[in-house]
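Visitor: here are the coordinates; sequence isn't available:
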């Protein structure tokens, strides 16, 4: 839950999602690591929530089912802050982990402050301001005797991460000062100074507290509103769950039109993981690899996405997955993909066993491994994108389909092009 090494440390704020801990450690358990688990913690204080989650999971790995990450975390919070406050505090932490999964606070300005487009920077600043405001509101509902624990576990990490994003993306000198102020409160005021010198906001001096030269981030009221989904009553896109918009389709993997089970496994949602807070993976993870097309078609679980295309031609499909290691040592993780009844394409995620590999470094900083394939749309209208398991252990986040167009996907990718709001 902390890391010292290439390409960049993350030693300040603990932002490893509990769902990632659960996904990786239950996978290890299922493959025989059932006697000893070892957690790299570094500084203990910032990682208290994750450490306890890890230890409880080690005691009972079967308690996690993919969908109940924040229910388990809520039990921890209820013990410390009461049943009434626990749901809101778990929700605050869910958003904290989601935003930091996109880019950790230690990495927002590394290797450059131009990772995000202007709109994406604005989107992140808005999200962090809202979350900091929720922390302020939650503080008022807690008894005085809980205030120190709340600041250590939730208040400090959320507000410090918000300030780091404001500093890097909005060029705010006040935000840089706020980080130092919060750290001083942690070290010298919390619990009467009990944790003096326990918190550093710049371990190993890797965080640049200089104020970057960036365009000012303005946040009009309209920025908080997402574009409305297409209205089925006003269109003729029968049977579609996703619709092309300006030569582009964006899909969150967990929003599949159909989860088709395989012979001995299925795709299931993991709540609390990836850019939008949920992903899909294979359960159980110990099923055998399916590497031959006939076996894949006959036995592998399949995700299906019903898409309405307005434009014919060759489309590039980019899949964003989690950059985890394969269950087969030294081999890449793979999936199979096809459009309608077209031929399967076997796609491998980037694989590396060397931390100095540039592609691996970019993937872990971004928490994303990107792969792509080309598929021909001969006729406009309704088509079905299909994705099959080849290797268990793969975790899928989102899919983008493009047919030319001038706009780039960007770092975060645009909003999902849903046909209608999810039920």
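Guide: Yes, it's here. This one's a predicted model, so the numbers in the text were calculated from it and none came from an experiment.
Visitor: The closest residue to residue 243 other than its chain neighbours pairs with what?
Guide: Nearest residue to residue 243, sequence neighbours excluded (C-beta to C-beta, 6 or more residues apart in numbering): residue 308, at 4.7 Å. Where you see a C-beta, it was placed from the backbone N, CA and C, and this is true even at glycine. In this entry, residue 308 is beta-bridged to residue 243, residue 382, by DSSP bridges.
Visitor: hang on, residue 308 packs against residue 257?
Guide: No - with contacts counted by C-beta atoms under 8 Å, residue 308 stays clear of residue 257, the gap being 11.7 Å.
Visitor: coming back round to it: what separates the residue nearest to residue 243 from residue 246, distance-wise?
Guide: Residue 308 sits 14 Å away from residue 246, going by C-beta to C-beta, to the nearest Å.
Visitor: And the two? Which one has more around it.
Guide: Using other C-beta atoms under 10 Å as the criterion, residue 308 and residue 246 rank with residue 308 on top: 22 against 14.
Visitor: And the more buried one, what's its pLDDT?
Guide: For residue 308, the pLDDT comes out at 97.
Visitor: For it, give me its contacts.
Guide: Shown in contact with residue 308 (C-beta atoms under 8 Å, 6 or more residues apart in numbering): 237, 240, 242, 243, 244, 381, 382, 383, 419.
Visitor: So which of those residues wins on neighbours?
Guide: Neighbour counts for the contacts of residue 308, by other C-beta under 10 Å, peak at residue 242, which reaches 26 neighbours.
Visitor: show me what contacts that one?
Guide: 249, 250, 251, 305, 306, 307, 308, 416, 417, 418, 419.
Visitor: Touching, the second one and residue 407? I think so.
Guide: No - with contacts defined as C-beta under 8 Å, residue 250 does not count as touching residue 407, sitting 11.4 Å away.
Visitor: higher neighbour count, these two?
Guide: Legend: neighbour count by other C-beta under 10 Å for residue 250 and residue 407, higher for residue 250 (18 against 11).
Visitor: can I assume that one sits in a strand?
Guide: Yes - assignment of residue 250 by DSSP: H, G, I helix; E, B strand; the rest coil places it within a strand.
Visitor: which residues does it form a beta bridge with?
Guide: Residue 250 has these beta-bridge partners by DSSP bridges: residue 400.
Visitor: Let me know the pLDDT of it.
Guide: Reported pLDDT for residue 250: 98.
Visitor: residues contacting it?
Guide: Counting by C-beta under 8 Å, 6+ apart, residue 250 touches 242, 398, 399, 400, 413, 414, 415, 416, 417.
Visitor: let's see 6 Å
Guide: Residues near residue 250 by C-beta atoms under 6 Å, 6 or more residues apart in numbering: 400, 413, 414, 416, 417.
Visitor: Pull up the gap between the second one and residue 341, please.
Guide: Which is residue 413. 28 Å.
Visitor: can you check the fourth one too?
Guide: In this structure, residue 416 and residue 341 are 26 Å apart, going by C-beta to C-beta.
Visitor: Comparing those two, which shows the higher neighbour count?
Guide: residue 416 (20 against 7).
Visitor: Tell me the secondary structure at the more buried one.
Guide: Residue 416 is classified as coil under three-state DSSP.
Visitor: thinking it is in contact with residue 253, fair?
Guide: No - if you go by C-beta atoms under 6 Å, residue 416 and residue 253 don't touch, sitting 10.6 Å apart.
Visitor: quick one: the strands in the protein?
Guide: Counting by DSSP state E, the chain has strands at residues 242-243, 248-252, 258-260, 266-271, 278-283, 302-309, 313-321, 334-339, 345-348, 369-377, 381-389, 395-402.
Visitor: Tell me which of the ones you listed sits nearest to residue 140.
Guide: Proximity to residue 140 (C-beta to C-beta) singles out strand 266-271 among these, at 28.2 Å.
Visitor: tell me what the closest one is packed against?
Guide: Secondary-structure packing of strand 266-271 (3 or more C-beta pairs under 6 Å, 6 or more residues apart in numbering; DSSP states H and E): strand 278-283.
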